[in-house]
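> For reference, the sequence and a predicted model appear below.
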Amino acid sequence: MDMDIGMIRGLGTLVVMIAFIGLSLWVFNRRRDRDFAEARLLPFVDDHLPPAGQAPAAKRSSGQ
């Protein structure tokens, strides 16, 4: 079997197509909805929250 450039390009296209279909099935799988719903909210998480298990510090009032 002779491997010419056309065969290599065809195999490369096949690998990319299989990867695309697999990724699409993984992303649009209903079982992943909860994980992606949490990930969608990550940009809105407040960076100043204390680590889990610690009580938040009381805010000081500015009207002294």
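That came in fine, so what should we check first? Numbering: from 1, shown residues only.

> CA only for contacts and neighbour counts going forward, please
Noted.

> okay, residue 56: pLDDT?
At residue 56, the predicted lDDT confidence score is 58.

> ignore the last one, residue 25
pLDDT, residue 25: 92.

> same thing with the one 3 residues further on?
Reading off the confidence values, residue 28 has pLDDT 86.

> change the start of the numbering to 661 and stick with it
All set: I'll call the first residue 661, so the last point we hit is now residue 688.

> What strand or helix carries residue 663?
In this structure, residue 663 is located outside every helix and strand according to DSSP states H and E.

> how near is it to residue 669?
Residue 663 sits 10 Å away from residue 669, going by CA to CA, to the nearest Å.

> between those two, who's got more neighbours?
Legend: neighbour count by other CA atoms under 10 Å for residue 663 and residue 669, higher for residue 669 (11 against 7).

> what about the helices in the protein?
665-687, 693-700 (DSSP state H).

> what angle sits between the last one and helix 665-687?
Relative orientation of helix 693-700 and helix 665-687, computed by axes from the mean of the first three to the mean of the last three CA atoms, to 10 degrees: 90 degrees.

> C-alpha coordinates for helix 693-700, CSV please?
Only the C-alpha atoms of helix 693-700 are listed here, as CSV (Å, rounded to 0.1, in the frame of the first residue of the first chain):
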residue,chain,number,x,y,z
ASP,A,693,-26.1,20.5,31.5
ARG,A,694,-25.5,21.0,35.3
ASP,A,695,-21.7,21.2,34.8
PHE,A,696,-22.0,23.8,32.0
ALA,A,697,-24.6,25.8,33.9
GLU,A,698,-22.1,26.2,36.8
ALA,A,699,-19.3,27.0,34.4
ARG,A,700,-21.4,29.7,32.7
